[in-house]
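Visitor: Predicted model follows, preceded by the sequence.
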Amino acid sequence: MILHHIEIASREEMEALQLERLQQTVKRVYEHVPFYRQKLDEHGVKPEHIRTLDDVKKLPFTTKKDLREHYPFGLLAVRIQDCVRVHASSGTSGKPTVVAYTKNDINHWADIVARAITIAGGAPGNIVHNAYGYGLFTGGLGLHYGSERLGAVTVPVSGGNTDRQIMIIEDFKPDIICGTPSYVLNIAERMKELGKDPRKTSLKYGIFGAEPWSEEMRRTLEEELDIKACDIYGLSEVIGPGVAMECHEAQNGLHVAEDHFFVEVINPDTLEPVGEGEEGELVFTSLTKEAFPVIRYRTGDIASITKEPCVCGRTTTRMSRIKGRVDDMLIIRGVNVFPSEIEHYLLTVPELAPHYQVHILRKGTLDVVELQVEVSDRFYQEIRGDLHDERVRNLMKRIQHLLKNHCLVSIDVNIHPPKSIPRSEGKAIRIVDYRKEKAVL
């Protein structure tokens with residue numbers, strides 16, 4: 001077992017370090033980020049007012065809306081020229097939310113993820129098969145640099161091309177696989193289709209995240225692949241993967257990297273803190289980030305925290321696995337998509353009526369999203385009611401391209417006649433999750 005000294009620090013030692021770094025962070029944003037200076041002034045808070053960790057409650061919250069409104073670099077505490085990398089995710093307005101990193105930020109992130117990999121059972125010299133997507137999404141590069149920092153042999157496979165993934169697993173003999181749980185399960189099922197036994201690979205541990213997954217999914221992954229499956233948590237606004245990691249010994253809560261992030265849980269309605277062990281919305285304050293520090297960032301994720309030491313020997317605060325979302329955000333193969341984002345782009349298509357539904361289905365081991373839309377009366381008349389018309393096929397391709405380009409997800413589109421999408425006298429039912437009905441197609 002590899003234990004970093006900070007992971008076994010006393011509560012007093014950890015909180016003293018957190019307070020020192022919190023004070024530095026508040027001073028940094030007050031001096032270098034006009035948005036935070038204005039917010040702090042509105043709350044009557046100066047950096048020197050932060051004397052204890054409890055004083056974090058005096059600080060204002062930050063939301064994703066704030067990030068969008070200051071696109072692209074309005075919340076940076078350094079010049080963009082002083083950064084070495086930028087990541088981004090899609091946004092409701094069509095503009096992505098942008099995060100940036102200095103060289104020190106990247107180094108810290110690599111350390112954090114290296115530590116996370118060891119928490120999951122990894123060690124220097126291991127071979128790590130990284131099936132997270134590379135690009136603006138933080139998953140692939142986050143795990144990549146952490147694996148290298150650990151001293152592991154990093155295989156940057158990225159996502160997709162399942163048969164090739166299987167070949168590499170067989171030939172390279174990795175110890176650890178990283179990816180979304182649904183995709184890795186898909187790899188296992190494809191192996192069986194090819195007459196191979198996924199339990200006979202070299203894999204020992206799996207690091208899974210970027211989408212919600214149940215204990216049932218964990219049991220399935222562990223049974224199918226004969227591995228230990230551990231949950232990793234992170235979001236780009238806070239840094240990316242590695243904010244918290246589940247240990248392979250207990251698999252009972254995710255250890256927060258508390259020397260880099262201060263975690264709170266609040267009631268999302270009253271915004272007041274909830275007690276230890278009580279569920280609420282996770283809120284994170286970064287403690288070491290230079291380019292893009294965040295103060296009390298509301299994640300929208302529902303979980304609880306405990307400060308009880310873990311059986312693995314670590315004393316860091318643990319958060320429960322994510323129980324759900326405050327809002328109705330969809331996570332499609334690791335990409336965050338709001339229904340309002342989909343609606344935003346659909347309403348720009350003149351051939352469509354303003355009525356739609358998003359159906360979430362389970363096909364095999366993957367979650368599939370199907371968009372149900374209906375054409376306008378005018379367009380329906382133009383095509384003379386023929387939904388096999390070439391113009392309908394072109395419309396479908398255009399919608400798919402629009403959503404892929406702006407929401408970063410591939411969505412199957414089903415086009416229907418006017419008045420075919422169910423109407424509601426109350427709130428419109430936009431999301432229909434057939435997985436909850438255990439529908440298997």
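Guide: Sure, I can see it.
Visitor: Can you give me the neighbour number for residue 81?
Guide: Residue 81: 5 surrounding residues under other C-beta atoms under 10 Å. Backbone N, C-alpha and C define where each C-beta goes, glycine included.
Visitor: how about it, secondary structure?
Guide: helix (DSSP: H, G, I helix; E, B strand; the rest coil).
Visitor: Now do it, the pLDDT please.
Guide: Per-residue pLDDT puts residue 81 at 98.
Visitor: repeat for residue 441
Guide: 34.
Visitor: pLDDT of stretch 186-200, averaged?
Guide: 92.
Visitor: Can you tell me what sits against that stretch?
Guide: Applying C-beta atoms under 8 Å, 6 or more residues apart in numbering, the external contacts of stretch 186-200 come out as 131, 162-163, 165-166, 169-170, 221, 224-226, 364-366.
Visitor: Show me the shaky parts of the chain.
Guide: Within the chain, the set of residues satisfying pLDDT under 70 comprises 1, 90-94, 212, 324, 327-329, 333, 336, 338-340, 423-428, 436-441.
Visitor: Just give me the longest strand of it.
Guide: strand 352-363 (DSSP state E).
Visitor: Touching that strand from outside, list them.
Guide: Against strand 352-363 from outside (C-beta under 8 Å, 6+ apart): 330, 339, 342-343, 346-347, 367-377, 379, 395, 399, 418, 421-423, 428-435, 439-441.
Visitor: Dump the C-alpha coordinates for it into CSV.
Guide: Presented in CSV, the C-alpha positions along strand 352-363 are these (Å, rounded to 0.1, in the frame of the first residue of the first chain):
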residue,chain,number,x,y,z
LEU,A,352,-39.3,21.7,-36.3
ALA,A,353,-42.2,22.4,-34.0
PRO,A,354,-41.2,23.4,-30.4
HIS,A,355,-42.1,20.0,-28.9
TYR,A,356,-39.6,17.3,-28.2
GLN,A,357,-38.7,14.5,-25.8
VAL,A,358,-35.4,12.9,-24.9
HIS,A,359,-35.6,9.2,-24.4
ILE,A,360,-32.8,7.4,-22.5
LEU,A,361,-32.5,3.7,-23.3
ARG,A,362,-30.3,0.9,-22.5
LYS,A,363,-29.0,-1.0,-25.5
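Visitor: Which of the contacts of stretch 186-200 fall in strands?
Guide: residue 366.
Visitor: Show the contacting residues for the residue of the chain positioned farthest from its centre.
Guide: Within the chain, the residue lying farthest from the chain centre (C-alpha atoms, centre = their mean) is residue 384, at 44.5 Å. When contacts are counted by C-beta under 8 Å, 6+ apart, residue 384 touches no other residue.
Visitor: does it sit in a helix, a strand or a coil?
Guide: coil.
Visitor: for residue 195, same thing?
Guide: coil.
Visitor: domain assignment for this structure?
Guide: As assigned by automatic domain parsing, the chain contains the domains 5-327, 335-437.
Visitor: tell me the most buried of those domains?
Guide: domain 5-327 (a mean of 19; mean count of other C-beta atoms under 10 Å).
Visitor: Show me where the stretch 1-150 of the chain has its helices.
Guide: 11-32, 34-42, 64-69, 103-119, 138-150 (DSSP state H, counting those that start in this stretch).
Visitor: Put the alpha carbons of the third one into CSV.
Guide: These are the backbone C-alpha positions of helix 64-69, laid out as CSV (Å, rounded to 0.1, in the frame of the first residue of the first chain):
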residue,chain,number,x,y,z
LYS,A,64,-21.8,27.4,-13.6
LYS,A,65,-23.9,30.4,-14.7
ASP,A,66,-21.1,32.6,-13.5
LEU,A,67,-18.6,30.7,-15.6
ARG,A,68,-20.8,31.0,-18.7
GLU,A,69,-21.4,34.7,-18.2
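Visitor: What is that helix packed up against?
Guide: If contacts are counted by 3 or more C-beta pairs under 8 Å, 6 or more residues apart in numbering; DSSP states H and E, helix 64-69 sits against strand 97-101.
Visitor: What of the fourth one?
Guide: With contacts taken as 3+ C-beta pairs under 8 Å, 6+ apart, helix 103-119 sits against helix 138-150, strand 240-246.
Visitor: who's in contact with the first one?
Guide: For helix 138-150, contacts defined as C-beta under 8 Å, 6+ apart pick out 85, 87, 99, 106, 109-118, 122-124, 126, 128, 130, 132-135, 154, 156, 158-159, 178, 207, 209-210, 234, 236, 239-242, 334.
Visitor: Over to stretch 68-80?
Guide: 28-29, 32-33, 35-36, 66-67, 83, 86, 91-93, 95-98, 100, 102, 290-293.
Visitor: isn't residue 326 right next to residue 281, touching?
Guide: Yes. When contacts are counted by C-beta atoms under 8 Å, residue 326 is listed as touching residue 281 (5.4 Å).
Visitor: Spit out the residues that contact the two alike.
Guide: 268, 298, 300, 301, 302.
Visitor: ok, of those, which one's closest to residue 54?
Guide: Each of the shared contacts of residue 326 and residue 281 was checked against residue 54 using C-beta to C-beta; the closest is residue 298, at 19.0 Å.
Visitor: Let me see the contact set for residue 181.
Guide: 206, 208, 211, 213, 217, 218, 221, 229.
Visitor: how about a cut-off of 6 Å?
Guide: By C-beta atoms under 6 Å, 6 or more residues apart in numbering, residue 181 lies in contact with 208, 213, 217.
Visitor: ok, now how distant is the nearest residue to residue 131 once chain neighbours are set aside from residue 160?
Guide: In space, and not counting its chain neighbours, residue 131 is closest to residue 179: 3.4 Å by C-beta to C-beta, 6 or more residues apart in numbering. According to C-beta to C-beta, to the nearest Å, residue 179 and residue 160 sit 11 Å apart.
Visitor: swap in residue 236?
Guide: Taking C-beta to C-beta, one finds residue 236 at 21 Å from residue 160.
Visitor: now swap in residue 230 and tell me
Guide: In terms of C-beta to C-beta, residue 230 sits 23 Å off from residue 160.
Visitor: next one: residue 402
Guide: 22 Å.
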